[in-house]
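Participant: need a 3D model of the sequence below.
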Amino acid sequence: MLGTGLLAWVHHRDPGYVVLRRAARLTLVASVGFYGGRYGAGDPTLATYALFGAVSLGAFTQLPGSPAERARILLLALPAGWALISVGTMLAGNVWAAAGGMLVLGFTVAFVGTGGPRLAGVVGALQLFYILASFPPYQPDSLPQRLIGVTLAAVLLALAEVLLWPDPVPVSYRQRVV
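Facilitator: Predicted structure coming up:
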């Protein structure tokens, strides 16, 4: 009885189970990335960045298109994420440099949304990559583990986007008008 009422409530709030599917996908990817990095590879830095990469790319992105297009956007954004993590890691040694980098990045992100929905959908996650990397402690020798962790998260999330409870393709504007 309780399960039926709960299911009805969830179905009323989320008719296509879109939020439920995203939450399940994100939980699975974040768990696999974190536990794989922490206990499989034995590296807490890799695990932290795999978890953070999955959460930022999975929860803070709103990407248009089919599941395959969304997965492609996630993978195409990865080099920008690497660059931001690298810059943030190097600037973390000086608080003023890290804050100045955040100022520049903040202004850039504010104007990137004009580049279209794909770019606007992923810039929030990219901004978080810089923020995490530029936060103390200054550990430039951990850069490879950081990049591997984020790469693992992006690849797992792209695979899950296509293979694991994919969201339906959104209705286009042209279809909505007709």
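Participant: so where do the helices sit in this structure?
Facilitator: Listed in chain order, the helices of the chain (DSSP state H) span 2-13, 18-35, 44-59, 67-76, 78-91, 95-112, 117-134, 143-163, 173-177.
Participant: so which of those is the most packed in?
Facilitator: helix 44-59 (a mean of 23; mean count of other Cβ atoms under 10 Å). C-beta coordinates here come from the backbone N, C-alpha and C atoms, glycine included.
Participant: tell me what angle that helix forms with helix 117-134.
Facilitator: Between the axis of helix 44-59 and that of helix 117-134 there is an angle of 150 degrees, by axes from the mean of the first three to the mean of the last three Cα atoms, to 10 degrees.
Participant: CA atoms of helix 44-59 as PDB?
Facilitator: Listed next in PDB are the C-alpha coordinates belonging to helix 44-59 (Å, rounded to 0.1, in the frame of the first residue of the first chain):
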ATOM      1  CA  PRO A  44      41.800   9.400  -3.000                       C
ATOM      2  CA  THR A  45      42.600  12.300  -5.400                       C
ATOM      3  CA  LEU A  46      41.400  10.300  -8.400                       C
ATOM      4  CA  ALA A  47      38.300   9.200  -6.500                       C
ATOM      5  CA  THR A  48      37.500  12.800  -5.400                       C
ATOM      6  CA  TYR A  49      37.700  14.100  -8.900                       C
ATOM      7  CA  ALA A  50      35.800  11.200 -10.400                       C
ATOM      8  CA  LEU A  51      33.000  11.900  -7.900                       C
ATOM      9  CA  PHE A  52      33.100  15.600  -8.300                       C
ATOM     10  CA  GLY A  53      33.200  15.300 -12.100                       C
ATOM     11  CA  ALA A  54      30.200  13.000 -12.200                       C
ATOM     12  CA  VAL A  55      28.200  15.300  -9.900                       C
ATOM     13  CA  SER A  56      29.100  18.500 -11.800                       C
ATOM     14  CA  LEU A  57      28.600  17.100 -15.300                       C
ATOM     15  CA  GLY A  58      25.500  15.000 -14.300                       C
ATOM     16  CA  ALA A  59      23.700  17.400 -12.000                       C
END
